[in-house]
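Asks: Generate a structure from the sequence data that follows.
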Amino acid sequence: MSGAGTIPGLTPGLMIAAPASGEGKTTVMLGLLRALTGRGMVVQPFKSGPDYIDPAFHRAACGRRSFNLDGWAMDGGTIDAIVREAAGADIILAEGSMGLFDGVASPGATGNGASADIARRMGWPVVLVLDVSGQAQSAAATALGFKLLDSGISLAGVVLNRVASPRHERLVRAGLDAVGIPVLGALPRRGDLALPERHLGLVQAVEHPALDAAIADYAALLRDHADLDAICRAAAASGQALSPNLACLPPPPAQRIAIARDAAFSFVYPHVLEAWRRAGAELQPFSPLADEAPAGNADMIWLPGGYPELHAGTIAAATTFLEGLRSHAATRPVHGECGGYMVLGEALIDKAGESHRMAGLLGLVTSHAQRKMHLGYRQAELLAPIAGMATGTRLRGHEFHYSTVTRQTDAPLARVTDADGALVAETGSRRGMVTGSYFHMIAREQSGAAA
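Replies: Residues are numbered from 1 along each chain as shown. A predicted model of the protein is given here:
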């Protein structure tokens, strides 16, 4: 990621968005990524908002790392620095989250977390994916509302999804023609193209049984039923000079970081890892599921979030991993985020009610048998250091889990509030050199910024 400076000649981009979740954004995004890559284009993907799953699918579709952009958690310079990763690409495609204008009530660093924040800042026109099942000319009213609601956003056109028949398509197109909104594609209803899901969203890319074939099907759908040339022509570069600034990215917490990376520990943001690398940190991946111990020369261990509850028995039996973790924690720092936090505790209770012994480095017991969704942006002020991140550091991030804390006996790690500034109960824990929290870190607040 680039440091300070102005970027001339930015790569043109588009925001792939929708009125709501479930309208087909991911199908269109993955299909476009693969179809345009198949034309010989270099396509840079991004994802709006806090999401670990979609960027991995993006990379599988086009071969380039996908980065998250977040108007609530990131200041403008951080967004600009991450967008600089598109250098050398022919086109940018950014996938929105939820509905285009959906965000939180209270503004954050540069916006309220809506995909519209990013489209507006970058000047990327919006391709609106519309699920037209159950309607015809009325779809034009929805599209027109999205075109007129915010004058700072340009609507390039719509891709119709789940079209029932040629007659249905003609009726929908008639309504859109009447209000002057281009139709960039009309995708027929295909029930066989849905991706598998689980309680935290889509199944991870590494777990998909036939991911490449599925993406190839999406690409064929877009090639056959969308105007790829018109979509490419609609892309536009930012209308403003950007000033990248990495000051608000979290600094590396140590020089040599042993980081768990496998199907149980995969939720870590690419922009965070890239910032650590470029600041000089050495990342040492290892797999707890393969019963690998962290590197003996690591300065700290970082356990990301993921799905440890699906692998709790395997983790509990991974004696080489657990013994290495405990040995390291006696003299050097260990930190866990969300799923990693649960593994640092005494026990993890799976959804069937079976208790699995974990590392026992924190006085924490978590349960998936007592399910409750915890979701939203978070601000955290550290009450103790996380390795090289000092006490008092203010971070922006999010929380998303269904597990419940049934016992927590250690001191809190942070003062944590939601997007509106209300205190939340999930403060994290600290004991000795071990720290953990449900909080997923996205960016750091500048000194003096309001918590």
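
Asks: all contacts plus neighbour counts: C-alpha atoms, from now on.
Replies: Will do.

Asks: what ranges of the stretch 301-450 of the chain fall below the confidence cut-off?
Replies: 447-450 (pLDDT under 70).

Asks: quick one, helices of it?
Replies: 312-316, 319-329, 339-344 (DSSP state H, counting those that start in this stretch).

Asks: give the contact list for the residue lying closest to A35 once chain neighbours are set aside.
Replies: Closest residue in space to A35, ignoring its immediate chain neighbours: A219 at 4.9 Å, by CA to CA, 6 or more residues apart in numbering. Applying CA atoms under 8 Å, 6 or more residues apart in numbering, we find A219 in contact with 30-35.

Asks: Just to be sure, T27 is in a strand?
Replies: No. T27 sits outside any strand when classified using DSSP: H, G, I helix; E, B strand; the rest coil, being helix.

Asks: Which of the contacts of A219 ranks first by neighbour count?
Replies: Ranked by neighbour count (other CA atoms under 10 Å), the contacts of A219 have L33 at the top, with 29 neighbours.

Asks: Could you pull up the contacting residues of it?
Replies: Counted by CA under 8 Å, 6+ apart, L33 has contacts 43, 45, 58, 61-62, 93, 219.

Asks: Filter these down to the ones in helices?
Replies: Restricting the contacts of L33 to those inside helices, with DSSP state H as the criterion, leaves 58, 61-62, 219.

Asks: Just send those back as a markdown table, with distance to I442 and pLDDT too.
Replies: Rendered in a markdown table, the data for the ones in helices among the contacts of L33 read as follows (distance: CA to CA, whole Å; pLDDT from 0 to 100):
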| residue | distance to I442 | pLDDT |
| --- | --- | --- |
| H58 | 19 | 96 |
| A61 | 24 | 96 |
| C62 | 24 | 97 |
| A219 | 31 | 98 |
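
Asks: and stretch 162-169, how far apart are its ends?
Replies: 10 Å (CA to CA, to the nearest Å).

Asks: need the contact list for the residue of the chain most remote from its centre.
Replies: For the chain, the C-alpha lying farthest from the average C-alpha position belongs to R167; by CA atoms, centre = their mean, that distance is 38.2 Å. If a contact means CA under 8 Å, 6+ apart, then R167 has no contacts.

Asks: now do L289
Replies: Listed by CA under 8 Å, 6+ apart, the contact partners of L289 are 262-264, 311, 314-315, 318.

Asks: And the furthest pair within those residues?
Replies: In these, two members sit farther apart than any others by CA to CA. They are A263 and A318, at 14.6 Å.

Asks: Please verify my assumption that D80 contacts P244.
Replies: Yes. D80 is within contact range of P244, at 4.7 Å (criterion: CA atoms under 8 Å).

Asks: Between those two, which is the more surrounded one?
Replies: Neighbour count, other CA under 10 Å: between D80 and P244, D80 has more, with 26 against 22.

Asks: helix/strand/coil for that one?
Replies: Secondary structure assignment for D80 (three-state DSSP): helix.

Asks: any idea how far it lies from M373?
Replies: From D80 across to M373, the span is 32 Å (CA to CA).

Asks: Please name the residues that touch A94.
Replies: Contact partners of A94, counting by CA under 8 Å, 6+ apart, are 13-16, 45-48.

Asks: one more time with 10 Å, if that's ok
Replies: 13-17, 29, 44-48, 58, 66-69, 115, 118-119, 124, 126 (CA atoms under 10 Å, 6 or more residues apart in numbering).

Asks: what's the neighbour count on R378?
Replies: 25.

Asks: Does it touch H440 like I think?
Replies: Yes. The pair R378 and H440 passes the contact test of CA atoms under 10 Å, sitting 8.5 Å apart.

Asks: anything in contact with each of these two?
Replies: When CA under 10 Å, 6+ apart defines a contact, the residues bordering R378 and H440 alike are 395-399.

Asks: Sort out which one of those lies nearest R326 for me.
Replies: Distance to R326 across those (CA to CA) is lowest for E399, with 26.2 Å.

Asks: count of residues packed around the closest one?
Replies: Taking other CA under 10 Å as the definition, E399 ends up with a neighbour count of 21.
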